[in-house]
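>>> return a 3D structure for these sequence lines:
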Amino acid sequence: MEDIWTYSITVFMAFFAIMNPIANIPIFVKITEGQNEKKKKEIAKTSNFVAFLIVLAFILIGQYIFQIFGLTIPAFKVFGGILIFFIGFDMLQSKKSPAHLVGEATFDDGLAISPLAIPILAGPGTIVTAMNFVVNASLIYLGITTLIFGSVVLMTYYAFIYSSYIVRFVGDKNFVIVGKIMGLIIGVLGANMLIQGIKLAFRI
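A predicted model of the protein is given here:
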């Protein structure tokens, strides 16, 4: 039971840090600028639902993808660790990932899918994180991962819904602080994943 609680907390922290609902609020506000509240809710619902489906697909069929392409778990953990580490490193330097750069395009419904759902919410980091937790995992851990990811998606949805209030309450400077804390957590998670991959590869 203790292992399940430890696993659950680790998964939650990983998904929360990599999806970063709070830090993504300014992006949502920018994308939906000029839209009424009803339209903002539709955009929030669509983007989060699509992101959930995409990551869920990788959670369910991730192991088959490994088998089809002959991928190994150590190699995946090493690459995934490096990728996640650099995402966190960029956040610590106050740099936005290219996936988070939104142009000045006129809004259309497609923006709820891309770039909001893909790759801002369901980006490479989120997918790598999800697959890292479910490779060779039992059904119970697969279910736990899915439920926890769903809860983070729900948190992101409500963060988007109340984004205007949150921005006024938290303030721009505090968003920067939260982003750096999340960057630190993501960097450590990436380093830990890299170490795990090296240990598995060399059977240490």
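>>> quick one: contacts of stretch 75-89?
Applying C-beta atoms under 8 Å, 6 or more residues apart in numbering, the external contacts of stretch 75-89 come out as 17-18, 66, 97, 124-125, 128-129, 131-132, 135, 182-198, 200-201. C-beta coordinates here come from the backbone N, C-alpha and C atoms, glycine included.
>>> if you count contacts, what does the longest helix belonging to the chain end up packed against?
Longest helix of the chain, by residue count under DSSP state H: helix 37-69. In terms of contacts (3 or more C-beta pairs under 8 Å, 6 or more residues apart in numbering; DSSP states H and E), helix 37-69 is packed against helix 25-31, helix 124-134, helix 139-161.
>>> any idea which of those is most buried?
helix 124-134 (a mean of 23; mean count of other C-beta atoms under 10 Å).
>>> got the CA positions of that helix in CSV?
C-alpha atoms of helix 124-134 as CSV (Å, rounded to 0.1, in the frame of the first residue of the first chain):
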residue,chain,number,x,y,z
PRO,A,124,6.4,15.5,-25.8
GLY,A,125,7.2,16.0,-22.2
THR,A,126,3.7,15.0,-21.0
ILE,A,127,3.7,11.9,-23.3
VAL,A,128,7.2,10.8,-22.3
THR,A,129,6.3,11.2,-18.6
ALA,A,130,3.1,9.1,-19.1
MET,A,131,4.9,6.3,-21.0
ASN,A,132,7.7,6.3,-18.5
PHE,A,133,5.3,5.4,-15.7
VAL,A,134,3.4,2.7,-17.5
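>>> surely Ala44 touches Leu154?
No: the criterion here is C-beta atoms under 8 Å, and Ala44 misses it with Leu154 at 10.9 Å.
>>> quick one: low-confidence residue ranges for this structure.
1-2, 94-109, 172, 175 (pLDDT under 70).
>>> what about stretch 8-22, distance to the chain center?
The chain centre lies 7 Å from the centre of stretch 8-22; the measure is C-alpha atoms, centre = their mean, to the nearest Å.
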